[in-house]
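> Make a model of this:
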Amino acid sequence: MAVAEATKEALWLNGLVKELGVEQGGVQLHCDSQSAIYLAKNQVYHARTKHIDVRYHKIRELIASGEIILLKVHTSENAADMLTKPLTVDKFNHCFDLLNVYSC
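The predicted structure follows:
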């Protein structure tokens, strides 16, 4: 469901940027869940996916139209981990490096 929320935010921001006169291509969203990417890109139905929210259907349309580009980010390169998981000092510093944040 995080992909659905990120898609909403990305589309809103893309609309804002367009109002400012800057044209962009598709918005790239990075996701660390291979299962979420698969469900967003492929329409599959079986007993384990019958609970999937209708928001994923909209995401499929946006991916097909090229408005959203959904990419896999490897766990070792996921800067969001610093906000969601307990990390070692080295991993925490690596996340800062990924965000281009440096101490003064």
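
> what stretches of this structure score poorly on pLDDT?
Scanning the chain for pLDDT under 70 picks out 44-55, 104.

> Output the longest helix belonging to it.
helix 2-19 (DSSP state H).

> Show residues contacting it.
Contacts with helix 2-19, where a contact means Cβ atoms under 8 Å, 6 or more residues apart in numbering, come from 24, 27, 29, 31, 33, 36-37, 40, 53, 55-56, 58-59, 62, 67-68, 70. (Glycine included, C-beta is placed from N, CA and C.)

> What is the neighbour count of residue 63?
If you count neighbours by other Cβ atoms under 10 Å, residue 63 ends up with 18.

> in what helix or strand does it lie?
helix 55-65 (DSSP states H and E).

> Which parts of that helix count as buried, going by neighbours?
56, 58, 59, 60, 62, 63 (16 or more other Cβ atoms under 10 Å).

> got it, and stretch 94-104?
Buried-residue list, stretch 94-104, by 16+ other Cβ under 10 Å: 94, 95, 98.

> same thing with stretch 16-36?
27, 29, 30, 31, 32, 36.

> picking that back up, so what does whichever helix or strand comes after the longest helix of the chain touch, helix or strand wise?
Sequence-wise, the next helix or strand downstream of helix 2-19 (DSSP H and E) is strand 27-31. In terms of contacts (3 or more Cβ pairs under 8 Å, 6 or more residues apart in numbering; DSSP states H and E), strand 27-31 is packed against helix 2-19, strand 68-72.
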